[in-house]
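Trainee: just to be clear, the model below is a prediction. Sequence and coordinates:
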Amino acid sequence: MSADEPWVILARLVRPQGRIGEVLADILTDFPERFAQRKRLFLVSSEISREPVREVTLERHWLHKGRVVLKFAGVDSISDAEALRGFLVAVPVSERAKLTDGSVYIGDLIGCEVFDVNAAKPVGVVADVDREAGLLEVKTPGGEEALVPFAKAYLVRMDVAGKRIEMRLPEGLLDINAPLTDEERREMSERRENE
């Protein structure tokens, strides 16, 4: 494996768990059950470099209070586990779980241009995804953040390889998130003063 290979982050190591080298981790995958099928994992120092630091063998794992506890071969003490704090657990993109038709990885959405076919103009680039709310956090050309519902009802075409998402957004949707104009700020200030 090389640093040039794209990586998928599965978990972030938080702290030692127990006395024999287990490590508690935040789950960063929609498929935590896949840990049962994996023996070879990689530790990565940060999401920025994504350069593999160390290959590890997973001996066992179990889910614990919304997180996962991982036991790696050769990590046999609290101090061994402590040395892994903050590392990311990754696999090569080629080894990630296969998705059903119509599904897409959140990481594949990041960096895609969102284009509104109704307005015939770009909305911006996906900077992040709020999975719980089902919203694309889009950085607009003006540098503001817009929240766009990632719903099939609005989706026209998605080309993650081409980094483009075409949507038919309802009129006024983007105005909901728009920053206040100077006039709107003045009006709000006046209302507060009159209260």
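Mentor: Cool, got the structure.
Trainee: sheet partners, orientation included, of the biggest strand by length in the chain?
Mentor: Using DSSP state E to define each element, the chain has its longest strand at strand 52-64. Strand 52-64 pairs in its sheet with strand 40-44 (antiparallel), strand 67-72 (antiparallel), by DSSP bridges.
Trainee: distance between the top helix by length along the chain and the chain's centre?
Mentor: In the chain, with assignment by DSSP state H, the single longest helix is helix 182-194. Relative to the mean C-alpha coordinate of its chain, helix 182-194 is positioned 38 Å out (C-alpha atoms, centre = their mean, to the nearest Å).
Trainee: export that helix as PDB, just CAs?
Mentor: Coordinates of each C-alpha in helix 182-194 appear next as PDB, following Å, rounded to 0.1, in the frame of the first residue of the first chain:
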ATOM      1  CA  ASP A 182     -27.800  45.000   5.800                       C
ATOM      2  CA  GLU A 183     -31.400  46.100   5.600                       C
ATOM      3  CA  GLU A 184     -32.700  43.000   7.300                       C
ATOM      4  CA  ARG A 185     -30.100  43.400  10.100                       C
ATOM      5  CA  ARG A 186     -31.200  47.100  10.600                       C
ATOM      6  CA  GLU A 187     -34.900  46.000  10.800                       C
ATOM      7  CA  MET A 188     -34.100  43.300  13.300                       C
ATOM      8  CA  SER A 189     -32.100  45.800  15.400                       C
ATOM      9  CA  GLU A 190     -35.000  48.300  15.300                       C
ATOM     10  CA  ARG A 191     -37.500  45.700  16.400                       C
ATOM     11  CA  ARG A 192     -35.400  44.700  19.300                       C
ATOM     12  CA  GLU A 193     -35.000  48.400  20.400                       C
ATOM     13  CA  ASN A 194     -38.800  48.900  20.200                       C
END
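Trainee: many thanks, have a good one.
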